[in-house]
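kindly generate the corresponding structure for this input.
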Amino acid sequence: MDVRFEHIGCAGVITLDRCDALNAVSQDMVHQIYKHLKLWESDQAIAHVIIRSNCDRAFSAGGDLREIYDNRQSREESLKFFKAEYQLNAYIKHYPKPYVALIDGIVMGGGVGISIHGSHRVMGQDVMFAMPEVTIGFFPDVGGSYFLSRLNAQANNGGALGLGLYLGLTGERLKQGDCLLAGLASHTCSSDQMEGLFNALTSEQEQDVNQILAQYHNSVPSEVLEARLAQIEEIFSKSSLIDVISALKADESEWAEGILNRMLRASPTSLQVAFQQIRLGKKYSMAQAMAMEYGIASKMLCENDFYEGIYRVLIDKNYQPNWHPKSIAEVDLKEINAYFEPVALSAEFE
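Got it, this is the predicted structure:
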């Protein structure tokens, strides 16, 4: 099985075990996780839920994009996957019991969606977080519009959007300390103590999750972000993507040049969609954000860039997608607005 479910002590345990695909989240895995969470919600013997990985390299490297690519002639099948995945993300966000994600190694995309919305997010020293969807012609989904627009006030100057936009537009990879600073991690723990933490959380005797996590929490300093926060906010809080690009060009630092070059390799359409999506997400509830993201995904499944990105970056790996349009200047903002036409689905993500 790609995912295992156990009742250990007072915990319901979800173990991702699809190591050959770095725990890429498939439609079947989504359905199985949702089904077991529903059962455990009303099970009095389950005090809290733990989700973890059985793989050394990754918690989960994302959704099963090969499955999406193979279903490219059957858009309806892919839509079913995204709807189920987004319903799971929203359900985790409002899960009535503590939901503890033990995250180490790579965590991206769909793997973020099944962990970051939980009440407790414990990241190990080998964690590598990223939302790199714009590089494959997609957008930072699985609730990215919600959580990227609400990063830790300490990190984003009391509610500015610069940091979330920076992560969503660049796919920047964060290590343990930066995840803690940004509020993506609620706790950090050394990787060699993760097993001890797991054993404590699965004790036969019900204990306070917060107390257990506090015992294992090992606060670590920011690796990169803290020194760049002011610069990131100044550049990425601009009112338009074109202004962000102009600010990066004007900065003239080696860092800004590298970030600009990375963004210019991404899908221009995806960049514009992500910019607007994250800014809108700040105003939305989780249900509204997921309905918006479902609408965006529905349209992107009809366009070229997503399939082109999957093929060029993940399948044949020549890393030279043929985007349409090719540059940010060529993107018609009226066409971007079409990605945000209202979708009357909010109630389905409550």
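
now for residue 26: which residues touch it?
Going by CB atoms under 8 Å, 6 or more residues apart in numbering, residue 26 touches 2, 18, 64, 67. From N, CA and C alone the C-beta is placed, and that goes for glycine too.

among these, who's most crowded?
residue 64 (23 neighbours; other CB atoms under 10 Å).

nearest to residue 143, of the contacts of residue 26?
The closest of the contacts of residue 26 to residue 143 turns out to be residue 64 (CB to CB; 17.8 Å).

tell me the pLDDT at that closest one?
Residue 64 carries a pLDDT score of 92 in this model.

so who does it touch?
Residue 64 neighbours (CB under 8 Å, 6+ apart): 21, 24-27, 110.

one step back: CSV for the contacts of residue 26, including distance to residue 183 and secondary structure?
Converted to CSV, the contacts of residue 26 look like this (distance: CB to CB, whole Å; DSSP: H, G, I helix; E, B strand; the rest coil):
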residue, distance to residue 183, secondary structure
2, 30, coil
18, 28, coil
64, 28, coil
67, 31, helix
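
including distance to residue 97, could those go into TSV?
Below are the contacts of residue 26 laid out as TSV (distance: CB to CB, whole Å):
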residue	distance to residue 97
2	24
18	25
64	27
67	30
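
all strands for the chain, in order.
3-8, 11-16, 48-53, 58-60, 99-103, 106-108, 120-123, 128-130, 187-188 (DSSP state E).

and these as JSON lines, adding distance to residue 220?
Below are these laid out as JSON lines (distance: least, CB to CB, whole Å):
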{"stretch": "strand 3-8", "distance to residue 220": "28"}
{"stretch": "strand 11-16", "distance to residue 220": "24"}
{"stretch": "strand 48-53", "distance to residue 220": "20"}
{"stretch": "strand 58-60", "distance to residue 220": "18"}
{"stretch": "strand 99-103", "distance to residue 220": "14"}
{"stretch": "strand 106-108", "distance to residue 220": "16"}
{"stretch": "strand 120-123", "distance to residue 220": "9"}
{"stretch": "strand 128-130", "distance to residue 220": "14"}
{"stretch": "strand 187-188", "distance to residue 220": "5"}
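
quick one: which of those is nearest residue 263?
Using CB to CB, these put strand 128-130 closest to residue 263, at 14.2 Å.

the stretch 201-350 of the chain: helices as residue ranges?
209-216, 225-236, 241-251, 254-265, 268-281, 286-300, 304-309, 333-337 (DSSP state H, counting those that start in this stretch).

residue 168: which of those helices is closest?
If we rank the helices of the stretch 201-350 of the chain by CB to CB, the stretch that ends up nearest is helix 268-281, at 4.9 Å.

what mean pLDDT does that closest one get?
97.

what's it packed up against?
Based on contacts counted as 3 or more CB pairs under 8 Å, 6 or more residues apart in numbering; DSSP states H and E, the elements that helix 268-281 packs against are helix 144-147, helix 162-170, helix 241-251, helix 286-300, helix 333-337.

center of the protein - which residue?
residue 112 (3.7 Å; CA atoms, centre = their mean).

could I get the helices and strands packed on helix 268-281 as JSON lines with mean neighbour count?
Listed next are the helices and strands packed on helix 268-281 as JSON lines, based on neighbours: other CB atoms under 10 Å:
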{"stretch": "helix 144-147", "mean neighbour count": "27"}
{"stretch": "helix 162-170", "mean neighbour count": "26"}
{"stretch": "helix 241-251", "mean neighbour count": "17"}
{"stretch": "helix 286-300", "mean neighbour count": "22"}
{"stretch": "helix 333-337", "mean neighbour count": "12"}
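
just list the residues touching the nearest residue to residue 212 once chain neighbours are set aside, thanks.
Nearest non-adjacent residue to residue 212, counting by CB to CB, 6 or more residues apart in numbering: residue 200, 4.9 Å away. Residue 200 sits next to 207, 212, 215-216 when contact means CB under 8 Å, 6+ apart.

wait, which of those residues is closest to residue 130?
residue 216 (24.7 Å).

the closest one: how many residues sit nearby?
The burial count for residue 216: 18, using other CB under 10 Å.
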